[in-house]
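K.L.:
what follows is a predicted structure for the sequence shown.
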Amino acid sequence: MRQRNVIKVALVYLAAGWVLMQIVDVMFPALALPPWALTLVASLLMLGFPIALVLAWALELTPEGIRRAPGKGAAEAPAGAPTQSGAQPVAGEGAAKSIAVLPFADMSPEHDQEYFSDGLTEELLNVLTRVPDLRVASRTSCFAFKDKNADIRTVAERLQVSHVVEGSVRKAGERIRITAQLIEADTDSHLWSETWDRDVGDIFAIQDDIARSIVDVLALKLRPGDEPDATTRDPRAYDLYLKGLSFYHRFGPKSQVYAIDLFKRATKLDPGFAKAWAGLAGSHAILAVYHGGGEAALAATDEASRKAIELAPELAEAHTARAIAYSAMQRFDDAAREFEHAIRLNPQLYEAWYYYARTAMHQNRPRRALELYERAAEVNPDDYQVPLLSAPVYRSLGMEDKAREAGRRGVMLAERHVEDYPDNARAYFLASSPLVDLGRMEQAIEWVERAIAIDPDDPSTRYNVACFYAQLGEIEKALDYLEGSVTSRSWLESDPDLDPLRSHPRFQAYVETLAA
């Protein structure tokens, strides 16, 4: 009744009826109307009350107008019961084929399996993104609801999906219990749920079971050759890989160092583990391009990405890592080819669009970068980085309205992000300049100071703080942070935020010390 707004309608109706009766009680005697008129109004109000409740139950007000409220679907099964073969499709419309996978909850006694729960969620997302005609909410969007008690309807409305997967992991010794359930958002009904009690070594089979069950319920089929493949059967290697992923997604240089160690240990346990090689390549590439990793990081990402592609030629993550390596080597045509290949393999891989856009910026191709940023935002609409990085590019091209809108959206997403990850310096420094544009100078300075306090020696932090002070006109302060922040001049030459520094002798001298 609450979900169909019956309670809300009842309260509004009673309040409005009470107000109406007060007006009638005052006005009808003043207008010399007969006493039965007051009785008639009260009777009509009483008769209208159940009618209003019935209409509230049966109808729903939407942006497209009034429509019938969704009822119980034909594919619904009782909670806890697996779906039988031959169940009717949940919906035939393309819009209904959308899903979000919420982070699985860690229910282990020691609460020390968060990385495992997160990794299982991510692997399930990776499987589902390969299903044709199924839109899958991005990892960042789904993980924004981690450790929050949001109801399913709120999640679905926020992520614009029709179905939600949620579950839990409970690990004790070498035994693991995983529970997963698929929920139809409109009706809050459980289409399918199941529990597995297995040895840890069976985790790969459990992943396959979960993915296939969800696909079956949605009446979809995997493309030939796209069946789930964990790429390793060593649970120890997989455990290390999941831990590595948890650090890889944090972007910072220290996190990448931790990720590299974990990915290396995974590949030693299973030299044929392609995803671990791809993760290793990706972490080295991030260090090489954005954190001054130098020739050693370049050589390492080249070797690891080659190995990943050799082991799994159709792995989009491997081609993305290879593309970032080419970008670091300034082999931009080769990088573009690899990015395009990765996108063909998996159009929902956010990292491919995002790093492709950043490569276009390295080439000083702002319009192409914006096209790619926009595609990245479509894949992952809840990521704060894309709008914040797009805002100065729009401004450099004279698109002030779009710059302001991108900055406003980026700040909103960054504020939401730091609620969950308050130690992420990147969110603070990227949002600082748009905060100034929005007239929130005090908050902008506070966020810059937070970023510096969190990671004062990080080259990326220093570079972006330099951009912030350059835009404020504090030239010397900007140059103090800029020096020692980057090793390549290509980004300096194309970044519009640094325009106020270009005529300064210190800036020109610093550029001359950098590699091309």
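P.N.:
Received, thanks.
K.L.:
on the three-state scheme, the residue nearest the centre of the chain is what?
P.N.:
Closest residue to the average C-alpha location of the chain: Thr140 at 1.9 Å, with C-alpha atoms, centre = their mean. Here Thr140 is helix, with the state taken from DSSP: H, G, I helix; E, B strand; the rest coil.
K.L.:
these two touch, right, it and Tyr350?
P.N.:
Yes. Counting by C-beta atoms under 8 Å, Thr140 touches Tyr350, with 7.4 Å between them. (C-beta placed from N, C-alpha, C; glycine too.)
K.L.:
which neighbours do the two share?
P.N.:
Asn380, Asp383 (C-beta atoms under 8 Å, 6 or more residues apart in numbering).
K.L.:
picking that back up, list the contacts for the residue nearest to the centre of the chain?
P.N.:
Per C-beta under 8 Å, 6+ apart, neighbours of Thr140: Tyr350, Asn380, Asp382, Asp383.
K.L.:
ranges for the helices of the stretch 151-300 of the chain?
P.N.:
152-159, 203-217, 235-248, 253-269, 274-290, 294-311 (DSSP state H, counting those that start in this stretch).
K.L.:
where along the stretch 1-150 of the chain do the strands fall?
P.N.:
59-62, 65-68, 98-101, 105-106, 135-136 (DSSP state E, counting those that start in this stretch).
K.L.:
packing partners of the fourth one?
P.N.:
Applying 3 or more C-beta pairs under 8 Å, 6 or more residues apart in numbering; DSSP states H and E, one finds that strand 105-106 makes contact with helix 114-128, strand 163-172.
K.L.:
which one of these lies nearest to Gly272?
P.N.:
helix 114-128 (17.4 Å; C-beta to C-beta).
K.L.:
quick one on the thing from earlier: between the contacts of Thr140, which is nearest Arg177?
P.N.:
Relative to Arg177, and with distances defined as C-beta to C-beta, the nearest of the contacts of Thr140 is Asp382, at 30.3 Å.
K.L.:
apart from its neighbours in sequence, what residue is nearest that closest one?
P.N.:
Ser141 (4.1 Å; C-beta to C-beta, 6 or more residues apart in numbering).
K.L.:
isn't the one you found up against Ala100?
P.N.:
Yes. Judged on C-beta under 8 Å, Ser141 makes contact with Ala100 at a distance of 7.1 Å.
K.L.:
identify the contacts common to those two.
P.N.:
Leu159.
K.L.:
higher neighbour count, these two?
P.N.:
Ala100 (27 against 21; other C-beta atoms under 10 Å).
K.L.:
I figured the more buried one hits Leu159, correct?
P.N.:
Yes. Counting by C-beta under 8 Å, Ala100 touches Leu159, with 4.7 Å between them.
K.L.:
okay, and the common contacts of these two?
P.N.:
Ala137, Ser141, Cys142.
K.L.:
who's in contact with the first one?
P.N.:
Same thing as Ala137. Ser98, Ile99, Ala100, Val101, Leu159, Gln160, Val161.
K.L.:
mind running it again at 7 Å?
P.N.:
Ala137 is in contact with Ala100, Leu159, Val161, counting by C-beta atoms under 7 Å, 6 or more residues apart in numbering.
K.L.:
again, but for the last one
P.N.:
Contact analysis of Cys142 by C-beta under 7 Å, 6+ apart lists Ala100, Val101, Leu102, Pro103, Leu125.
K.L.:
flag the shaky bits of the stretch 351-500 of the chain, pLDDT-wise.
P.N.:
For the stretch 351-500 of the chain, applying pLDDT under 70 flags the ranges 487-488, 490-491, 494.
K.L.:
now the helices: where do they sit in it?
P.N.:
366-379, 385-396, 400-420, 425-437, 441-454, 459-472, 475-482, 489-494.
K.L.:
many thanks, I have nothing further to ask.
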